[in-house]
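Asker: Return atomic coordinates for the entry below.
(one chain, ligands or ions: 1)
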Amino acid sequence: MNEKKLELYIHIPFCVKKCDYCDFLSFPADSNTQIRYVHALLQEIRYYGNLLGDYHVPTIYIGGGTPSWLEENLIYTVLQQVASSFHVEADAEISIECNPGTVTAKKLNVYQSAGINRLSIGLQSTNNEELKALGRIHTYDQFLKTYELARNAGFENINIDLMSGLPYQTLDKFLESLQTVIRLKPEHISAYSLIIEKGTPFYERYKFDAVKQEAGIHTEILPDEDEVYRIYKATQDVLKQAGYRQYEISNFAQPGYACRHNIGYWTRENYLGLGLGASSLVENVRYTNTRQLYAYGEFCDHLQEKSPAEFLKDGEHAVPEDLWIGSCVQEQAQILTRKEQMEEFMFLGLRMNEGVTRAAFEQSFGVPIEAVYLETLRKLKEQGLLQMVAGRIALTDKGMDLANYVMAKFLL
Ligand code: SF4
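Answerer: Below is the predicted model of the structure:
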């Protein structure tokens with residue numbers, strides 16, 4: 001039996017309406033399209049189940065989009081298919097993203113019976129004006145209703161997403177949202193800073209401010225760099241006082257509730273992305289599914305089911321290049337070089353407060369970390385950006401503030 005792990009990500013690309021800041025792969029769709037999409041997804045799950053079904057699956061994450069918009073039985077069917085195609089561990093963390101306004105008690109009960117044990121609720125702000133400005137479909141009251149339904153249904157592991165750096169947002173306004181959320185005692189809080197992405201209505205609305213900001217010029221509408229920094233520091237302090245441990249740049253959890261799925265990404269666990277535009281990293285092959293809905297459905301219809309033996313080399317579970325490039329669902333495939341693997345190991349690992357361990361580096365690459373990064377480590381430590389304690393290398397507080405600068409130093 002293969003003891004290797006494989007996390008699963010399942011992408012549901014549908015949303016009731018596109019939020020004004022969003023550049024994720026998501027769009028509205030009628031129920032027929034949703035059903036046809038799930039049909040294609042089931043084929044893809046079966047296909048990869050045949051190839052990789054003996055890996056152990058410790059976590060499943062159903063993201064989007066708005067997975068909770070789908071009819072609940074579709075989600076149930078997807079998870080039934082996963083359970084019969086893969087070896088899902090008994091204590092697997094199974095998460096689903098929900099948006100207020102799309103959740104009912106019935107849906108939550110079906111999620112429970114499908115094995116889902118973690119909800120991630122997209123709130124973003126408790127201020128209705130801010131929610132409206134973001135183009136969200138819900139009010140704070142609708143969020144509260146969703147949260148209450150989730151607790152009543154028995155969910156004991158809930159994340160709430162919050163967003164900072166919103167137009168006209170001040171530190172006080174953000175703290176009001178944060179304190180309101182803390183009073184609800186969710187197990188996990190993700191606090192991200194808004195990024196104004198090209199191609200979104202937000203970009204059109206705020207592009208002059210965004211450009212000014214990039215040039216370090218103060219703007220009236222978007223909080224400037226200093227305000228964003230103050231918000232970030234206050235978030236860290238307030239959440240720490242409330243008993244949340246920061247375990248990654250933007251993620252905070254009560255003890256025992258760090259998201260196992262995300263930690264898997266940052267520790268370079270194998271993961272398989274299923275669905276439209278989903279990305280995977282399996283045995284150091286990185287690939288991405290097509291982003292074209294029609295093409296995805298067509299491709300899944302023509303997936304040939306082959307036995308793992310046809311693809312896996314001598315029981316090593318190494319996946320040969322031609323499998324990934326040859327599979328028609330995928331648009332891009334890249335075999336990571338050793339150099340790229342090392343870079344990723346460092347800049348993903350250092351996102352976490354615990355950082356990386358010397359032992360894990362050596363185990364992955366067969367050489368001590370100093371053999372590759374001696375000078376980089378020395379300099380960053382000297383600058384007070386890295387700390388090294390008991391075999392661990394992690395960002396200092398100052399390093400976390402300058403995370404992008406530090407990560408760039410690990411490019412080889
Ligand atoms: S709900 Fe999320 S994925 Fe959907 S449009 Fe809004 S931000 Fe994008």
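Asker: Please report phi then psi for Tyr203.
Answerer: With angles defined as degrees, to the nearest 10, Tyr203 sits at phi -60, psi -40.
Asker: Please read the previous query as pertaining to Glu72.
Answerer: Main-chain dihedrals, Glu72, degrees, to the nearest 10: phi -60, psi -30.
Asker: Please report the distance of the spatially closest residue to it that is not a sequence neighbour from the ligand.
Answerer: Sequence neighbours aside, Val110 is the residue nearest to Glu72 in space, at 3.9 Å (criterion: C-beta to C-beta, 6 or more residues apart in numbering). Yep, even glycine has a C-beta here, placed from its N, CA and C like the rest. Distance of Val110 to the ligand, given as C-beta to the nearest ligand atom, to the nearest Å: 21 Å.
Asker: Contacts only, for Val110.
Answerer: Neighbouring residues of Val110 by C-beta atoms under 8 Å, 6 or more residues apart in numbering: 72-73, 75-76.
Asker: Now do the helices in the stretch 51-200 of the chain.
Answerer: Secondary structure of the stretch 51-200 of the chain (DSSP state H, counting those that start in this stretch): helices at 72-85, 105-113, 128-134, 140-152, 171-183.
Asker: thinking again about what came up before, now for the contacts of Val110, which pair is the farthest apart?
Answerer: Greatest spacing in those, by C-beta to C-beta: Asn73 and Ile75 (7.4 Å).
Asker: what does the protein put close to the ligand?
Answerer: Within reach of the ligand by C-beta under 6 Å from any ligand atom, the chain has these residues: 15, 18-19, 22, 24, 26, 64-66, 99, 122.
Asker: at 8 Å what do you get?
Answerer: Within reach of the ligand by C-beta under 8 Å from any ligand atom, the chain has these residues: 15-19, 21-24, 26, 64-66, 97, 99, 122, 135-137.
Asker: What subset of those is buried?
Answerer: With burial judged by 16 or more other C-beta atoms under 10 Å, the buried subset of the residues of the chain next to the ligand is 15, 18-19, 21-22, 24, 26, 64-66, 97, 99, 122, 136-137.
Asker: List the residues that contact His199.
Answerer: Wrong residue type there; residue 199 is Gly, not His. Asp23.
Asker: Where does pLDDT dip in the stretch 251-400 of the chain?
Answerer: For the stretch 251-400 of the chain, the stretches flagged by pLDDT under 70 are 303-332.
Asker: from it, which residue is nearest to the ligand?
Answerer: Gly277 (11.9 Å; C-beta to the nearest ligand atom).
Asker: can you tell me which helix or strand that residue belongs to?
Answerer: For Gly277, there is no host helix or strand (DSSP states H and E).
Asker: what are the phi and psi values for it?
Answerer: For Gly277, the backbone dihedrals are phi 70, psi 10 (criterion: degrees, to the nearest 10).
Asker: I'd say it and Ile10 touch.
Answerer: No. The criterion here is C-beta atoms under 8 Å, and Gly277 misses it with Ile10 at 11.9 Å.
Asker: What's the end-to-end length of stretch 274-288?
Answerer: One end of stretch 274-288 to the other measures 9 Å (C-alpha to C-alpha, to the nearest Å).
Asker: list the contacts for Gly384?
Answerer: So Gly384 contacts 396, 398-399 (C-beta under 8 Å, 6+ apart).
Asker: hmm, 6 Å instead?
Answerer: With contacts defined as C-beta atoms under 6 Å, 6 or more residues apart in numbering, the neighbours of Gly384 are 396, 398.
Asker: Assumed it was part of a strand.
Answerer: No. With DSSP: H, G, I helix; E, B strand; the rest coil as the criterion, Gly384 is located in coil rather than a strand.
Asker: And the host helix or strand of Ile45, what's buried?
Answerer: Taking DSSP H and E as the criterion, Ile45 maps to helix 31-52. Within helix 31-52, the residues that count as buried by 16+ other C-beta under 10 Å are 34, 36-38, 40-52.
Asker: Check stretch 242-253 too.
Answerer: Quick answer for stretch 242-253 (16+ other C-beta under 10 Å): 242, 244, 246-253.
Asker: Secondary structure and distance to Gly273 for the residues you listed - can I get that in a markdown table?
Answerer: Listed next are those as a markdown table, based on DSSP: H, G, I helix; E, B strand; the rest coil; distance: C-beta to C-beta, whole Å:
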| residue | secondary structure | distance to Gly273 |
| --- | --- | --- |
| Ala242 | coil | 34 |
| Tyr244 | coil | 29 |
| Gln246 | strand | 27 |
| Tyr247 | strand | 23 |
| Glu248 | strand | 20 |
| Ile249 | coil | 22 |
| Ser250 | coil | 21 |
| Asn251 | strand | 20 |
| Phe252 | strand | 25 |
| Ala253 | strand | 24 |
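Asker: Return the closest of those residues with respect to the ligand.
Answerer: Ser250 (15.4 Å).
Asker: That closest one against Ser193, yeah?
Answerer: No. If you go by C-beta atoms under 6 Å, Ser250 and Ser193 don't touch, sitting 7.8 Å apart.
Asker: Between the two, which contacts overlap?
Answerer: By C-beta under 6 Å, 6+ apart, no residue touches both Ser250 and Ser193.
Asker: what's in contact with stretch 153-173?
Answerer: The contact list for stretch 153-173 (C-beta under 6 Å, 6+ apart) reads 108-109, 118-124, 130, 150, 174, 181, 186-194, 221-223, 228, 230-231.
Asker: Are any of these buried, and if so which?
Answerer: Among the contacts of stretch 153-173, those scoring as buried are 108, 118-124, 130, 150, 174, 181, 186-191, 193-194, 222-223, 228, 231 (criterion: 16+ other C-beta under 10 Å).
Asker: Which ones among those residues map onto strands?
Answerer: Of the positions in those, 118-124, 188-191, 193 sit in strands, assigned by DSSP state E.
Asker: any idea how the protein splits into domains?
Answerer: Under the assignment automatic domain parsing, the domains of the chain span 7-157+257-266, 338-408.
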